[in-house]
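Novice: need coordinates for the below:
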Amino acid sequence: MQREQYKDQVVKLSHGYEDKAEKRRQKHGIDNPHAPDSAPSSVDQAISDSNKGHKLLQKMGWKSGEGLGKSQAGIVEPVSHHVVAKF
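Specialist: Residues are numbered from 1 along each chain as shown. Below you'll find the predicted structure:
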């Protein structure tokens, strides 16, 4: 209901405006483009092969289990974080 109201407002404000994002959402069936992923991020679990970052690294020659960098001497494990309580 809200989306249709917004659509009506846009049409009233600017004739000839084409909401391309709305067309993409309808075409691909995405109701909420800002919804969180089904699985939260984790440093304990490897990213899937379908992940964009994983694909980009593979295109640049990286293989799972190798270190980063030209000589593969870089880090192998993700950077971990530690929560420090402040008093």
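Novice: quick one: Ile75 and Leu68 touch, right?
Specialist: Yes. Counting by CB atoms under 8 Å, Leu68 is a contact partner of Ile75 at 6.1 Å. From N, CA and C alone the C-beta is placed, and that goes for glycine too.
Novice: okay, these two: which has more neighbours?
Specialist: Neighbour count, other CB atoms under 10 Å: between Ile75 and Leu68, Leu68 has more, with 13 against 9.
Novice: now that one: how far from Asp31?
Specialist: 37 Å (CB to CB, to the nearest Å).
Novice: again, but for Met60
Specialist: On the measure of CB to CB, Met60 and Asp31 end up 34 Å apart.
Novice: ditto for His54
Specialist: Distance, His54 to Asp31, using CB to CB: 26 Å.
Novice: what's the weakest-modelled helix or strand in the protein?
Specialist: helix 2-13 (a mean of 53; mean pLDDT, DSSP states H and E).
Novice: the helix or strand just after that helix: how far from the chain's middle?
Specialist: Sequence-wise, the next helix or strand downstream of helix 2-13 (DSSP states H and E) is helix 20-28. Distance of helix 20-28 from the chain centroid (CA atoms, centre = their mean, to the nearest Å) equals 17 Å.
Novice: what's the helix or strand following helix 20-28 packed up against?
Specialist: Next helix or strand after helix 20-28 toward the C-terminus (DSSP H and E): helix 52-59. Using 3 or more CB pairs under 8 Å, 6 or more residues apart in numbering; DSSP states H and E, no helix or strand is in contact with helix 52-59.
Novice: residues in contact with helix 52-59?
Specialist: Residues outside helix 52-59 that contact it (CB atoms under 8 Å, 6 or more residues apart in numbering) are Ile47, Ser48, Asp49.
Novice: go through it and flag the buried ones.
Specialist: By neighbour count on 16 or more other CB atoms under 10 Å, the buried set for helix 52-59 is Leu57.
Novice: what mean pLDDT does it get?
Specialist: Averaging pLDDT along helix 52-59 gives 89.
Novice: just the CA coordinates of it, formatted as PDB?
Specialist: Extracted in PDB, the C-alpha atoms of helix 52-59 (Å, rounded to 0.1, in the frame of the first residue of the first chain):
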ATOM      1  CA  LYS A  52      31.000 -11.900  -4.600                       C
ATOM      2  CA  GLY A  53      34.200 -11.300  -2.700                       C
ATOM      3  CA  HIS A  54      35.100 -15.000  -2.900                       C
ATOM      4  CA  LYS A  55      34.500 -14.900  -6.700                       C
ATOM      5  CA  LEU A  56      36.600 -11.700  -7.100                       C
ATOM      6  CA  LEU A  57      39.500 -13.200  -5.200                       C
ATOM      7  CA  GLN A  58      39.400 -16.400  -7.300                       C
ATOM      8  CA  LYS A  59      39.400 -14.300 -10.500                       C
END
